[in-house]
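Participant: how would this look folded up:
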Amino acid sequence: MPSFPIRSFLAPAAILALASAAYGAAISQTGYSAAALAESWEIPEMKVHFMGANSGIGDGSWPPGTEFNSTIEFELDRYATQQSEDSAPGASVGETTCGASWVEGELPTEWIQCGDAKVEWKMVETSEMSETDFTMEVRLMMTDSETVEPLYAEAQTRVTANTRGSPSSYLTCLGSEPFDGIRCEMDGIMSTPGPIKLSPVM
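Facilitator: Sure, this is the predicted structure:
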């Protein structure tokens, strides 16, 4: 079950609906808005590649020159939603590819722009985060005006690996040939079936 930021909501819905873009942006910046966005987001594909602790030869160490950066790549699909809470996703309103590369263990916790410049993502910094256990946050910029503080719709979800039956275990991670490290993909033998569903709020 995807998780997402929880914020207090101070203004009545009717007042919020009539608020200007500037007012809405101000609310977002102070963290008071929790209005649902009329979209659903899905991640149908994700790939992670990293060294891992064992190189696959001898004592498992990585000889100089064989090390490589960790990488992630995923697709984000956005769909319009109907008013009913139980309605199926409607027409596609956008899709983009996101990714990153980093030194193993130094996961990306700053915002990274996706192929669609309005979409950004990052990993949420925690004490136990790793390439196979992380919380990711995705946000979509809703405002274009340079005179108004940016207003974002955003969502979070936890992604883990190799624990089939766990709601967050979307990845199956397996080692292969020496020096190739660990490769993770969705919908593998130890994965919770995808897609990863996100519920954006703004």
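Participant: Would you quantify the distance from Gly175 to Asn54?
Facilitator: Separation of Gly175 from Asn54 (CB to CB, to the nearest Å) stands at 7 Å. Heads up, the C-betas are built off the backbone N, CA and C, glycines and all.
Participant: neighbouring contacts of the host helix or strand of Ala155?
Facilitator: Using DSSP states H and E, the element containing Ala155 is strand 152-160. Taking CB atoms under 8 Å, 6 or more residues apart in numbering as the criterion, the residues outside strand 152-160 that touch it are 2-5, 28, 37, 39, 41, 46, 124, 132-142, 166, 168-171, 196, 198-202.
Participant: redo that, cut-off 6 Å
Facilitator: 2-4, 37, 133-135, 137-142, 168-170, 196, 198-200, 202 (CB atoms under 6 Å, 6 or more residues apart in numbering).
Participant: try stretch 124-135
Facilitator: Counting contacts by CB under 6 Å, 6+ apart, the residues touching stretch 124-135 from outside are 48, 50, 70, 107, 109, 123, 137, 156, 158-161, 173.
Participant: I'd like the distance from that stretch to the chain centre, please.
Facilitator: 12 Å (CA atoms, centre = their mean, to the nearest Å).
Participant: what pLDDT, on average, does it get?
Facilitator: When the per-residue pLDDT values of stretch 124-135 are averaged, the result is 93.
Participant: Tell me where this structure has strands.
Facilitator: With DSSP state E as the criterion, the chain has strands at 39-50, 70-80, 92-102, 112-113, 119-124, 133-141, 152-160, 171-175, 182-186, 196-198.
Participant: Need those strands in CSV (columns: distance to Pro64).
Facilitator: CSV is the format used below for the strands of the chain (distance: least, CB to CB, whole Å):
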stretch, distance to Pro64
strand 39-50, 18
strand 70-80, 18
strand 92-102, 20
strand 112-113, 29
strand 119-124, 28
strand 133-141, 28
strand 152-160, 31
strand 171-175, 21
strand 182-186, 20
strand 196-198, 37
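Participant: related to what we said a few turns ago, from the contacts of stretch 124-135, which single one is nearest Gly90?
Facilitator: Gln156 (23.4 Å; CB to CB).
Participant: what's across from the most centrally placed residue in the chain in the sheet?
Facilitator: Of all residues in the chain, the one closest to the mean position by CA atoms, centre = their mean is Met136, 4.0 Å from it. Beta-bridge partners recorded for Met136 (DSSP bridges): Met123, Thr157.
Participant: what's the neighbour count on Ala153?
Facilitator: A total of 21 residues lie near Ala153 under the criterion other CB atoms under 10 Å.
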